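J.: Structure for the following, please:
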Amino acid sequence: MASKLGGFLRGMFGGGGSESPAAEAAASEYNGFTIRPAPRKQGSGWLVAGVIAKQFPEGVKEHHFIRADTFPGRDDAVAFAVRKAHQIIDERGDKMFTGS
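T.: Residues are numbered from 1 along each chain as shown. Now for the predicted structure:
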């Protein structure tokens, strides 16, 4: 159990192991936000993760997300990350950057 937790944390924070590195995919635009899917290899599957960014007068703000969902193929994880990002944007909008 401890080794699985350690591997998960290394994957989240850029440590070594089979869970890293993130495999970033092509960025896309949605309602003024930039979505960068970044699935992570985890065991024999791909963990859903990505970044939502938006340009503000004071600079670019980013919201990183990681889901527990895994897929056997990278392309499926990328597609789900984009759908999840759309959902986050629709539900939270700019509020995702304020923490409220």
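J.: what pLDDT, on average, does the longest helix anywhere in the chain get?
T.: When the chain is parsed with DSSP state H, its longest helix is helix 74-92. For helix 74-92, mean pLDDT rounds to 97.
J.: and residue 85, what does it touch?
T.: The neighbours of residue 85, taking Cβ atoms under 8 Å, 6 or more residues apart in numbering as the test, are 30, 33, 35, 37, 50, 52, 65. C-beta here means a position set from N, CA and C on the backbone, and glycine is covered the same way.
J.: if you set the cut-off to 6 Å instead, what comes out?
T.: Residue 85 sits next to 35, 50, 52 when contact means Cβ atoms under 6 Å, 6 or more residues apart in numbering.
J.: And residue 56, by the same measure?
T.: By Cβ under 6 Å, 6+ apart, the contact list for residue 56 is empty.
J.: go on, the one 10 residues further on?
T.: Counting by Cβ under 6 Å, 6+ apart, residue 66 makes contact with residue 49.
J.: Quick one: mean pLDDT over whichever helix or strand it is part of.
T.: Using DSSP states H and E, residue 66 falls within strand 59-71. In this model, strand 59-71 has an average pLDDT of 95.
J.: Off-centre distance for it?
T.: Distance of strand 59-71 from the chain centroid (Cα atoms, centre = their mean, to the nearest Å) equals 3 Å.
J.: which of the residues in it are buried?
T.: Buried positions in strand 59-71, judged by neighbour count with 16 or more other Cβ atoms under 10 Å: 63, 66, 70-71.
J.: Okay, angle between it and helix 74-92 too, please.
T.: Relative orientation of strand 59-71 versus helix 74-92 (axes from the mean of the first three to the mean of the last three Cα atoms, to 10 degrees): 130 degrees.
J.: Starting from strand 59-71, tell me which strands it pairs with and how they run.
T.: strand 45-56 (antiparallel) (DSSP bridges).
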